[in-house]
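In: Just to be clear, the model below is a prediction. Sequence and coordinates:
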Amino acid sequence: MYRSFRDMPVWKNALELSSEVFNLTTTLPRSEDYGLSSQIRRSSNSVSANIAEAFGRKHKKDKSHFYHISRGSAFETQSHLFYGAEIGYFNVDEVKKLSNNYDSLIYELNKILKTLE
């Protein structure tokens with residue numbers, strides 16, 4: 001049993017991925033500050049934030065709700081990564097690596113959700 005969300009490997013992984021996404025977006029054009037940069041940063045940060053919120057909830061139904069939101073944000077982030085690669089903003093190999101890491105994170109979230117069912 002974890003004493004804090006900060007002890008959870010899934011939260012640590014989500015936070016690390018969010019940092020990687022942030023670093024990836026620092027090279028985007030200023031014209032994307034309120035577009036892709038903002039969207040992908042918010043969705044990637046939402047993953048770890050919702051894991052933390054789920055941790056703080058008492059009831060299984062509440063916990064499950066926030067883990068589902070976290071999983072959805074992970075998929076959203078993948079979509080933004082693919083879009084960025086498609087239009088030439090992001091390196092395709094970097095996107096594949098990040099996407100694979102998000103797949104692993106989603107797998108871990110699915111395992112958590114399964115235990116809450």
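Out: Structure's in. What do you need?
In: And Arg57, how far from Asn110?
Out: Per C-beta to C-beta, to the nearest Å, Arg57 is found 18 Å from Asn110. Quick note: C-beta positions are derived from backbone N, CA and C, even for glycine.
In: the more surrounded of the two?
Out: Comparing Arg57 with Asn110 by other C-beta atoms under 10 Å, the one with more neighbours is Arg57, at 14 against 11.
In: Now the spatially closest residue to the more buried one that is not a sequence neighbour: which helix or strand?
Out: Distances taken as C-beta to C-beta, 6 or more residues apart in numbering put Lys63 closest to Arg57, at 4.7 Å, once the chain neighbours are dropped. Element membership of Lys63 [criterion: DSSP states H and E] is helix 60-86.
In: residues in contact with whichever helix or strand comes after that helix?
Out: Following helix 60-86 in sequence order, the next helix or strand is helix 92-116 (DSSP H and E). Defining contact as C-beta atoms under 8 Å, 6 or more residues apart in numbering, one finds that helix 92-116 is touched by 9-10, 13-14, 17, 20-21, 24, 47, 51, 60, 63-64, 67-68, 70-71, 74-75, 77-78, 81-82, 84-85.
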